[in-house]
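J.: let me see the structure of the following:
(chains A, B, C and D)
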Protein chains: 2
Amino acid sequence: MKDQLPEHLDEYICFAVYSAQHAINRAYKPLLAEIGLTYPQYITLMALWSHDHQTVGALCKQLRLDTSTLTPMLKRLQTLGHIRRARSTEDERQVIVSLTESGRDLQRHSPAITRCIVEGTGFAAEDLNALVRTLDQLRGNISGESDLT
Amino acid sequence: MKDQLPEHLDEYICFAVYSAQHAINRAYKPLLAEIGLTYPQYITLMALWSHDHQTVGALCKQLRLDTSTLTPMLKRLQTLGHIRRARSTEDERQVIVSLTESGRDLQRHSPAITRCIVEGTGFAAEDLNALVRTLDQLRGNISGESDLT
DNA sequence: TCCATTTAGATCGTGTGCGATATATATGTG
DNA sequence: CACATATATATCGCACACGATCTAAATGGA
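T.: As a prediction, this is how the structure comes out:
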């Protein structure tokens, strides 16, 4: 009960999150491979399914990724034909990202994929929700967010 | 209470883990930069601090990473002077990874780093432990492990 | 013993992530 | 208006992460 440091890697929160992330990614891989997407590309599309026509900066904020990560990925999504990128006319610095027909169409695969992952966790829906809330809180704390979603 | 799909990215377990992982990584970065390590390099050393003289395969299993990830990283750790790599004499296929004096010495920074991260989470120790157990279980389920640690 | 199979690592190509830097456009100030 | 500053995005270099492939060493029969 003291402030002992864990002996094994598996007892560290950092490693638990790290390896869980990889496990989830590996679970998604074969599912997403069928529609030719990577996981980061998939969640980028999810953000756009939720709100189309977002700026690169808005996507960065939602996905909590840097432009240097997102810009190349958006180019790949564009090459795949799922999105369009266009300079804003009001503010020439901004780039608006929009779904194409193809990108919008991919959304129909989402429910089955989500179901497959949720089942794979072996957790009940309420337990998953609780875990999500806990993780969101942890992320907020550790990244020093006040509440600026 | 139905089987509704989440509306926002933040409500998905996959994204919660994904973004928590990034947040933790960003928290570690400045701490580890002081000793010239990346996070994956750090946990690799942690595994070796726990048990020195492991084969590449044993490290892969513990860290749940592929050889194609670990081999280049081990080479970098060797270049940094923290580990040695040597073919096993019994089984010439195996490569034994061992800590150098320098690599062993880095362990003294570990408690402070861990403390800093744990505090950053803003969670009580028991809550963190519970979260770790939950995540370990989720990872086990989703990666289809029976119990083969 | 001979040879197919298995196992342990290494290598390669592609796609993230991110710090540092660059560029162009907007904004604010005198 | 002129210019310093701030903002939005892009580019570059480096380090993962992993699937696919390769090589060499062990193993397991017939």
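
J.: backbone phi and psi for residue A:93, please?
T.: phi -80, psi -30 (degrees, to the nearest 10).

J.: what number of residues lie near it?
T.: 9 (other Cβ atoms under 10 Å in any protein chain shown). Just so you know, the C-beta spots here come from the backbone N, C-alpha and C atoms, and that holds for glycine as well.

J.: which one's the longest helix in chain A?
T.: Using DSSP state H, we find that the single longest helix of chain A is helix A:13-33.

J.: helices or strands next to the helix or strand that comes right after it in the packing?
T.: Scanning forward in sequence from helix A:13-33 by DSSP states H and E, the next helix or strand is helix A:39-50. Contact partners of helix A:39-50 among helices and strands, from 3 or more Cβ pairs under 8 Å, 6 or more residues apart in numbering or on different chains; DSSP states H and E: helix A:13-33, helix A:56-63, helix A:67-79, strand A:95-99, helix A:101-105, helix A:110-121, helix B:13-33.

J.: now mean pLDDT, mean neighbour count and distance to residue B:118 too, for those, in JSON lines please.
T.: Output for these, formatted as JSON lines (pLDDT from 0 to 100; neighbours: other Cβ atoms under 10 Å in any protein chain shown; distance: least, Cβ to Cβ, whole Å):
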{"stretch": "helix A:13-33", "mean pLDDT": "97", "mean neighbour count": "21", "distance to residue B:118": "7"}
{"stretch": "helix A:56-63", "mean pLDDT": "97", "mean neighbour count": "17", "distance to residue B:118": "26"}
{"stretch": "helix A:67-79", "mean pLDDT": "98", "mean neighbour count": "15", "distance to residue B:118": "27"}
{"stretch": "strand A:95-99", "mean pLDDT": "98", "mean neighbour count": "19", "distance to residue B:118": "38"}
{"stretch": "helix A:101-105", "mean pLDDT": "97", "mean neighbour count": "14", "distance to residue B:118": "41"}
{"stretch": "helix A:110-121", "mean pLDDT": "95", "mean neighbour count": "15", "distance to residue B:118": "25"}
{"stretch": "helix B:13-33", "mean pLDDT": "97", "mean neighbour count": "21", "distance to residue B:118": "11"}
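
J.: what helices and strands are in contact with the longest helix of chain A?
T.: By 3+ Cβ pairs under 8 Å, 6+ apart, helix A:13-33 packs against helix A:39-50, helix A:110-121, helix B:13-33, helix B:39-50, helix B:110-121, helix B:125-142.

J.: rewinding a little: now distance to residue B:60 too, for the helices and strands packed on helix A:39-50, in JSON lines please.
T.: Formatted as JSON lines, the helices and strands packed on helix A:39-50 follow (distance: least, Cβ to Cβ, whole Å):
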{"stretch": "helix A:13-33", "distance to residue B:60": "12"}
{"stretch": "helix A:56-63", "distance to residue B:60": "29"}
{"stretch": "helix A:67-79", "distance to residue B:60": "26"}
{"stretch": "strand A:95-99", "distance to residue B:60": "38"}
{"stretch": "helix A:101-105", "distance to residue B:60": "37"}
{"stretch": "helix A:110-121", "distance to residue B:60": "22"}
{"stretch": "helix B:13-33", "distance to residue B:60": "19"}
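
J.: got CSV for the helices and strands packed on helix A:13-33, with distance to residue A:104 too?
T.: Converted to CSV, the helices and strands packed on helix A:13-33 look like this (distance: least, Cβ to Cβ, whole Å):
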stretch, distance to residue A:104
helix A:39-50, 7
helix A:110-121, 11
helix B:13-33, 20
helix B:39-50, 37
helix B:110-121, 38
helix B:125-142, 29
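
J.: of all those, which one is nearest residue A:89?
T.: Residue A:89 lies closest to helix A:39-50 among the helices and strands packed on helix A:13-33, at 20.0 Å (Cβ to Cβ).

J.: can you list contacts of that closest one?
T.: A:25, A:28-29, A:32, A:37, A:54, A:59, A:62-63, A:65, A:69-70, A:73-74, A:76-77, A:80, A:82-83, A:97-99, A:103-104, A:106-107, A:110, A:113, B:7-9, B:12, B:14-15, B:18 (Cβ atoms under 8 Å, 6 or more residues apart in numbering or on different chains).

J.: does it reach DNA strand C?
T.: Yes - judged by Cβ under 7 Å from any atom of the strand, helix A:39-50 comes into contact with DNA strand C at A:39-41.
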